[in-house]
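Enquirer: Have a look; sequence and predicted model below, questions after that.
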Amino acid sequence: MLKDLQEVPEELLKAKDGPTRIALTALLLAWPRGTDKPVYSYPDGSPTQNFQKSIDVVYPNRSSWSAAPRAGASCDVFVGTVIRTSGYDPDYPRGWDDQYEYLQASDRFVQVPYSGDLSTLQDGDIILYLRNSGRKHTCIFVEVDGKPYLAEAQIKKYFGYLNPGNKKVRQFSNKKILNVYRAAK
């Protein structure tokens, strides 16, 4: 699958461990930092070509997913596409609830503690949280030039992009549920 994408970094093709593969794939499929917001905003923006190719392969029957195929990827579809495309876990589900249950039961991922300290997060960590309001979200933590970002999407709002994570990641600690999972090496 990776060989079909544009400009796959050599380090991704050589990467053996799960966290590195997931982080590099997230960077490959998301719009890069510094991209103008209109490029990745719904409805006028679009996904990257790499993301479009990947989602067409990993979720070929998504036409029955209500708004998701028309409105851009939801957060869970973006994360699922990244993980499946990376080759680390071809069975990774879509849907926040299914992902939450899967990660808790999977031996491919381990839950890591997170207390609001960014230094405990690593490239490729998967973050799932449930706000007190009931809204759910998932994203992937990545570092670019030593700075934290969240590779994420939001249905009917954003296609996959890199959100500067300094402030947002620190605010996670006030969520009702916040779990961080790391691919087992």
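Expert: Looks like it came in fine. What you see is a predicted model, and the numbers here were worked out from it, not measured in a lab. Numbers count the residues shown, from 1 in each chain.

Enquirer: Name the residue closest to the centre of this protein, please.
Expert: Residue closest to the mean C-alpha point of the chain, counted by C-alpha atoms, centre = their mean, is residue 79 at 3.3 Å.

Enquirer: so it sits in a strand?
Expert: No. When DSSP: H, G, I helix; E, B strand; the rest coil is applied, residue 79 is found to be helix, with no strand at that position.

Enquirer: pLDDT score for it?
Expert: As predicted, residue 79 sits at a pLDDT of 95.

Enquirer: lowest-pLDDT helix or strand in this structure?
Expert: helix 68-71 (a mean of 52; mean pLDDT, DSSP states H and E).

Enquirer: so when I look at residue 153, I'm seeing a strand, right?
Expert: Yes. Applying three-state DSSP, one finds residue 153 inside a strand.

Enquirer: Tell me the spacing between the nearest residue to it once chain neighbours are set aside and residue 98.
Expert: Spatial nearest neighbour of residue 153, excluding adjacent residues (C-beta to C-beta, 6 or more residues apart in numbering): residue 78 at 3.7 Å. In this view, the C-beta of every residue, glycine as well, is placed from N, C-alpha and C. As for residue 78, its distance to residue 98 is 15 Å (criterion: C-beta to C-beta, to the nearest Å).

Enquirer: before we move on, what SS does residue 44 have?
Expert: coil.

Enquirer: Neighbours of it, how many?
Expert: 8 (other C-beta atoms under 10 Å).

Enquirer: Find me whatever residue is spatially closest to the residue nearest to the centre of the chain, sequence neighbours aside.
Expert: residue 138 (5.0 Å).

Enquirer: can you give me the strands in the protein?
Expert: Counting by DSSP state E, the chain has strands at residues 109-112, 126-130, 136-144, 147-154, 158-164, 177-183.

Enquirer: which neighbours does the longest one have in its sheet, and in what orientation?
Expert: Pointing back at strand 136-144 there. Sheet partners assigned to strand 136-144 using DSSP bridges are listed as strand 126-130 (antiparallel), strand 147-154 (antiparallel).

Enquirer: Please produce a markdown table containing these, extended by mean pLDDT, distance to residue 102 and mean neighbour count.
Expert: Below are those laid out as a markdown table (pLDDT from 0 to 100; distance: least, C-beta to C-beta, whole Å; neighbours: other C-beta atoms under 10 Å):
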| stretch | mean pLDDT | distance to residue 102 | mean neighbour count |
| --- | --- | --- | --- |
| strand 126-130 | 88 | 10 | 22 |
| strand 147-154 | 90 | 19 | 23 |
